[in-house]
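Participant: for reference, the sequence and a predicted model appear below.
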Amino acid sequence: MGSNLTVNKEIEEYINNNSIELHPVQKEIIKHNEKLGDIKRMQVSISQCHFLHLLIKSLKIKKILEIGTFTGLSTLSMSLALPEDGSVLALDKNHETSKFAVNFFKKASQENKIKIIIAPALESLKNINDNKQKFDLVFIDADKENYKNYFNHSLDLVDKDGLIIIDNVLWHGEVVDVNKQDKLTVSIREFNTYVNEDKRVENLIIPVGDGLSVCRKL
């Protein structure tokens, strides 16, 4: 049986150099985030941008809900893959980073596809649910303690065969380290078990970026 490849920085760079060319504004966001210090870790990886792009294109996805936007790299990556009549509804509570995100969306001429709601995500999700909105894809990349809440809300917002994708589920590899018992690591571990045992979905964890859990609603 073949074994999975360990992806180091050199291999990651090779993959990125031999994959889809990034949009100039995607590159600008990455450059901007490099100056933000420790919080730049909140950015999705380039390989995740490529994965989302191809998935959206291949499945002809039109309506996306994003929970956790940061400075907009994942949002923009998904929007660029959408058809002209596609849309992304992005939820984030941080006014400062959202200002940067909105400016990047305008630079890329994607503001017509993207709407951002700046408020606590659980509050926004309740309103979205009350309005009976539906989405083809939900992408979750927000505070880890609420992952289970976001996931359960999302299941009400997609129909059968709809996708829910969750970031950071491998948590820098710490999910398999039994010595790591901090609150965030334990939360993600418990969340992964919860999703895997949930009979409403079938799921696959793929080692792209910090780990993506791809769930299909049954």
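Facilitator: It's in. Numbers count the residues shown, from 1 in each chain.

Participant: so what does the one helix or strand I30 maps to touch, helix or strand wise?
Facilitator: Per DSSP states H and E, I30 falls inside helix 24-33. Counting contacts by 3 or more CB pairs under 8 Å, 6 or more residues apart in numbering; DSSP states H and E, helix 24-33 packs against helix 73-81, helix 95-107. In this view, the C-beta of every residue, glycine as well, is placed from N, C-alpha and C.

Participant: just the buried positions in that helix, please.
Facilitator: V25, Q26, E28, I29, I30, H32, N33 (16 or more other CB atoms under 10 Å).

Participant: hmm, which two among those residues are most spread apart?
Facilitator: V25 and N33 (12.6 Å; CB to CB).

Participant: please save the CA atoms from the top strand by length along the chain in PDB.
Facilitator: Identified as the longest strand of the chain according to DSSP state E is strand 158-167. Provided in PDB are the C-alpha atoms of strand 158-167 (Å, rounded to 0.1, in the frame of the first residue of the first chain):
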ATOM      1  CA  VAL A 158     -27.700  23.200   2.000                       C
ATOM      2  CA  ASP A 159     -29.900  20.700   0.200                       C
ATOM      3  CA  LYS A 160     -29.100  17.000  -0.500                       C
ATOM      4  CA  ASP A 161     -25.600  16.800  -2.100                       C
ATOM      5  CA  GLY A 162     -24.700  20.300  -0.900                       C
ATOM      6  CA  LEU A 163     -21.200  20.700   0.400                       C
ATOM      7  CA  ILE A 164     -19.800  21.900   3.700                       C
ATOM      8  CA  ILE A 165     -16.100  22.500   3.800                       C
ATOM      9  CA  ILE A 166     -14.300  23.200   7.100                       C
ATOM     10  CA  ASP A 167     -10.700  24.500   7.400                       C
END
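
Participant: following element in sequence after it, please.
Facilitator: According to DSSP H and E, the helix or strand after strand 158-167 is helix 183-197.

Participant: that next one versus strand 158-167: what angle between them?
Facilitator: On the basis of axes from the mean of the first three to the mean of the last three CA atoms, to 10 degrees, helix 183-197 is oriented at 150 degrees to strand 158-167.

Participant: returning to that earlier point: CSV please, covering the buried residues of helix 24-33 and showing pLDDT.
Facilitator: Shown next, in CSV, are those (pLDDT from 0 to 100):
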residue, pLDDT
V25, 98
Q26, 98
E28, 98
I29, 98
I30, 97
H32, 97
N33, 97
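
Participant: with distance to S98 as added columns, please give those residues in TSV.
Facilitator: Output for the buried residues of helix 24-33, formatted as TSV (distance: CB to CB, whole Å):
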residue	distance to S98
V25	16
Q26	17
E28	17
I29	13
I30	18
H32	14
N33	14
